[in-house]
Each structure stands twice: as structure tokens, then as C-alpha cells.
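In: Structure for the following, please:
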Amino acid sequence: MRKEWDIPDEQEFWYTGSDWLQVLLDKHDLDMRVKILLLLWRSWFLRDDCVHHEGKESVSRSVCFLVRYEEEIRNLSMIDETKGKSSWSLFVSGATKPRDLPSAESSPLWDKPLIGEVKLNTDAAFLSETGQCWAGAVARDHQGRVLFSACRLMNACRTVEEAEGQAILLGIAALSAMYRGSLIIETDCALIVKELEEGSQNRSACFSTICDIRSTATFFNSVSAKAVKRNKNKLAHELAVRGRREGDSLIIADVPIGLRPLMLSESTM
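Out: Now for the predicted structure:
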């Protein structure tokens, strides 16, 4: 990793007490903090791959992944907001500002996955007049615990189906960096689910997106997709709406503060 990034000396990573990470991060600027957190995040993924899976993930592949990922974060942070795009912000749990809370009064109907599975919910906000679309994605385990949540302005799409496919692609790409087990994808777009079925001959306008989804899905032990009603996909929908309203975000192990009541109401069912 040091061949690609200028990162702190090895001694700075030594455990010196319960606040060693805070001390380490406090010594460096924001760019270095991002690199340190990404490095620790990926290291934990490699450890988890060895303990719970086959342990075949290579260090060199992780280096390439981190370099590309950090470049994407940096490049997106430089996008001019006057063009309608916001920065792709990397947050840790609790780093976002509270906003108006979505209503969670109606009975949440999100279904938890089985033990050993992770469920990825995705949705897109699409403007047919301009082709603009914003994707929302959230991954949770059998206890409703969040692995990550994300919202992002995507490339312009021609159809709502293409936008929904882009949302799935955003979700599985982010999830593949931290999890490789059994995955269930839920979306409220039945057409995309049909196109993803094994043996389906895709002739739609979102053919390239479907191919990218299928390619990325090979990182997981197993993948299934199913269409659900909007009331089973609320959190992903609210993330897409938030992306349009407030800009891009990627949060590890949490959701934006304003969406926590909805997330908690679903996970406690």
C-alpha cells in the first residue's frame, strides 16, 4: 500500500491505549484521515474473509481497490456544485447533520433476511424530463444492523428501469468491498428483477447496466433478486430522495441521522 499512498509510519499504528485511533487521526489532515480509515476498513474485510469465508482475497487486489475507491471519492469531491452535483462524502457513523424526519407511523413491512444472509435494498429517484437520477442503497443483516447506506447522483438515464438498475449497481459495488456471502437484492422495479433472471435474454435499453450487475454479483457466494412493494423498500427510497435533496453520501454501519427513526422502526420488528 505504501507504494501507492504516502501513509503514516508503522509505529503510528501501534496500539498505545483505547484512544490510539483518535490520536493517530488527530495528527493528520483530512485526506490522510480518509486513507487511514479506508485502509483499516479494508484490512477488517480481509480478516473477515479469512475467518468466515475462503480467505482467497489477495492483498494486491485490495490495493487496487483502495486506490480506485479513494480516487473516486477525491474526484467526486471536486465536482462543481453549480452543475447540480454534490460531493461524494465519506462518513463514519453519526457524522451527518439531522434533517426533518420521514414519517414512520405506518407499520414498517421490511422483512429481515435469514441468519447468514445480507439484504440489499435499492431505489432510484428519476426525472424523466432531464434523465437525472439519484440512487439510494442500504444493506442490513438478519438483525437489521446496517452494513452501509449510500445515496448518489448517477449518470443520466433514459428510462426509470435503467435508473433502478444503476441503483442496484451502486449498492452491490459498495457492498462487495466489505461482504462476500449470500446476498438478497430487493427493489420495487419488477422489470429489472425479470431482466436479472438467469437465462433471460436482455434486449432492453439498460442492457449494459444488467451486464455490469451480473458481473459484480459474481463477487458474492450467492445472489437472488426479488421485486417488492414500495412499503417494503422505504429506507432505500428515502435515501434516494435524500440524495436528490442534500447530495451524495456513503456511511458505514449507519444511516443518515434523519433516517434513523425509520431504520430503527424496521429493525425492531
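In: all contacts plus neighbour counts: C-alpha atoms, from now on.
Out: Noted.
In: in a strand, that's where residue 224 is, yeah?
Out: Yes - Residue 224 forms part of a strand when assessed by DSSP: H, G, I helix; E, B strand; the rest coil.
In: Specify the beta-bridge partners of it.
Out: residue 184 (DSSP bridges).
In: What distance do you get for it to residue 217?
Out: As judged by CA to CA, to the nearest Å, residue 224 and residue 217 stand 9 Å apart.
In: Between the two, point out the one with more neighbours.
Out: The neighbour comparison of residue 224 against residue 217 (other CA atoms under 10 Å) goes to residue 217, with 19 against 15.
In: Just give the nearest non-adjacent residue to residue 110, would you?
Out: Of all residues not flanking residue 110 in the chain, residue 232 sits nearest, at 4.5 Å (CA to CA, 6 or more residues apart in numbering).
In: likewise residue 134?
Out: Using CA to CA, 6+ apart, the closest residue to residue 134 is residue 153 (4.4 Å).
In: Show the backbone phi and psi for the one you found.
Out: Per-residue torsions, residue 153: phi -70, psi 120 (degrees, to the nearest 10).
In: Can you report how many residues neighbour it?
Out: Counted with other CA under 10 Å, the neighbours of residue 153 add up to 24.
In: And residue 61, by the same measure?
Out: Counted with other CA under 10 Å, residue 61 comes out at 9.
In: so which strand or helix has it?
Out: Per DSSP states H and E, residue 61 falls inside helix 59-77.
In: Residue 114 is in contact with residue 182, correct?
Out: No - look at residue 182 against residue 114 with CA atoms under 8 Å: they stay out of range, at 9.8 Å.
In: if you count what's nearby, which of the two comes out ahead?
Out: residue 182 (17 against 13).
In: Name all residues that make contact with the more buried one.
Out: 116-118, 220-223 (CA atoms under 8 Å, 6 or more residues apart in numbering).
In: backbone phi and psi for it, please?
Out: phi -80, psi 130.
In: Which single one of the contacts of residue 182 is nearest to residue 246?
Out: residue 118 (27.2 Å; CA to CA).
In: Next, the closest one: secondary structure please.
Out: Under three-state DSSP, residue 118 falls in the strand class.
In: per-residue confidence averaged over the helix holding residue 61?
Out: Mean per-residue pLDDT for helix 59-77: 71.
In: I'd like the numbering to begin with 5 instead of 1 from here.
Out: Renumbered: residue one is now 5, and that last one reads helix 63-81.
In: before we move on, back to that, OK, contacts around the residue nearest to residue 138?
Out: So residue 157 contacts 89-90, 136-139, 247-248, 251-252 (CA under 8 Å, 6+ apart).
In: Read off the pLDDT value for it.
Out: pLDDT at residue 157 comes out at 93.
In: how close does it sit to residue 189?
Out: Taken as CA to CA, the span from residue 157 to residue 189 is 20 Å.
In: what does residue 262 give?
Out: For residue 262 relative to residue 189 (CA to CA), the value is 24 Å.
In: could you pull out the helices for the stretch 105-254 of the chain?
Out: With DSSP state H, counting those that start in this stretch as the criterion, the stretch 105-254 of the chain has helices at 164-179, 194-200, 211-221, 238-250.
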